[in-house]
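>>> Just a sequence and a predicted model for now, questions to come.
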Amino acid sequence: MEGENNLKILYTIEALYKKSDENTYITASEIIEYLQKKELKADRKTIYNYINLLIEVYGMDIKKEKKGYRLMSREF
């Protein structure tokens, strides 16, 4: 199970890199769809937790707004 969670986090990062930037948002629903294409399941709460983890623990420059998430910086 832990390995699957690690994959979900990595694919969440990949979705942010591929589908968002300073001007383009990606929603939690779009991230869930992205994970489903990789045959991984997640719910909104899981995505919220992953985004917070990426910001607080890994220092990723992700802007959270009502519309969705934007990856503000490409450095990791």
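All right, it came through fine.

>>> For the closest residue to residue 21 other than its chain neighbours, give me the pLDDT.
Nearest residue to residue 21, sequence neighbours excluded (CB to CB, 6 or more residues apart in numbering): residue 71, at 6.1 Å. The C-beta positions use only the backbone N, C-alpha and C, and glycine is treated the same way. Here, the pLDDT recorded for residue 71 equals 96.

>>> Residue 71: what's it in contact with?
Residue 71 is in contact with 16, 17, 20, 21, 22, 60, 61, 62, counting by CB atoms under 8 Å, 6 or more residues apart in numbering.

>>> most surrounded residue in the residues you listed?
When neighbours are counted by other CB atoms under 10 Å, residue 16 leads the contacts of residue 71 with 23 neighbours.

>>> Where does that residue fall, secondary structure wise?
Following DSSP states H and E, one finds residue 16 within helix 2-19.

>>> quick one: average pLDDT of that helix?
For helix 2-19, mean pLDDT rounds to 93.

>>> go on, stretch 43-50?
Here stretch 43-50 scores 97 as its mean pLDDT.

>>> Excluding chain neighbours, what is closest to the spatially most central residue of the chain?
Nearest residue to the geometric centre of the chain (CA atoms, centre = their mean): residue 12, 3.6 Å. If the residues on either side of it in the chain are set aside, residue 12 comes closest to residue 50, at 4.8 Å by CB to CB, 6+ apart.

>>> and that neighbour, what does it touch?
When contacts are counted by CB under 8 Å, 6+ apart, residue 50 touches 8, 9, 12, 42.

>>> Need the per-residue pLDDT for the closest residue to residue 65 other than its chain neighbours.
Taking CB to CB, 6+ apart, and ignoring the residues beside it in sequence, residue 65 has residue 25 as its nearest neighbour in space, at 7.3 Å. On pLDDT, residue 25 comes in at 97.

>>> Count the residues that sit near residue 25.
Here the number of neighbours of residue 25 (other CB under 10 Å) works out to 16.

>>> Repeat that for residue 31.
Taking other CB under 10 Å as the neighbour definition, residue 31 ends up with a count of 26.

>>> Extract the C-alpha trace of stretch 57-73 and format it as CSV.
As requested, the backbone C-alpha atoms of stretch 57-73 are provided in CSV (Å, rounded to 0.1, in the frame of the first residue of the first chain):
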residue,chain,number,x,y,z
VAL,A,57,7.3,19.1,3.4
TYR,A,58,8.9,19.3,0.0
GLY,A,59,8.7,23.0,-0.5
MET,A,60,7.0,22.9,-3.9
ASP,A,61,5.8,26.3,-5.1
ILE,A,62,2.2,25.5,-5.6
LYS,A,63,-0.5,28.2,-5.5
LYS,A,64,-3.8,27.0,-4.0
GLU,A,65,-6.9,28.9,-5.0
LYS,A,66,-10.6,28.1,-5.4
LYS,A,67,-10.2,27.4,-9.1
GLY,A,68,-7.5,24.8,-8.5
TYR,A,69,-3.7,24.5,-8.2
ARG,A,70,-1.0,26.2,-10.2
LEU,A,71,2.7,25.1,-10.2
MET,A,72,4.4,28.4,-9.9
SER,A,73,8.0,27.2,-10.2
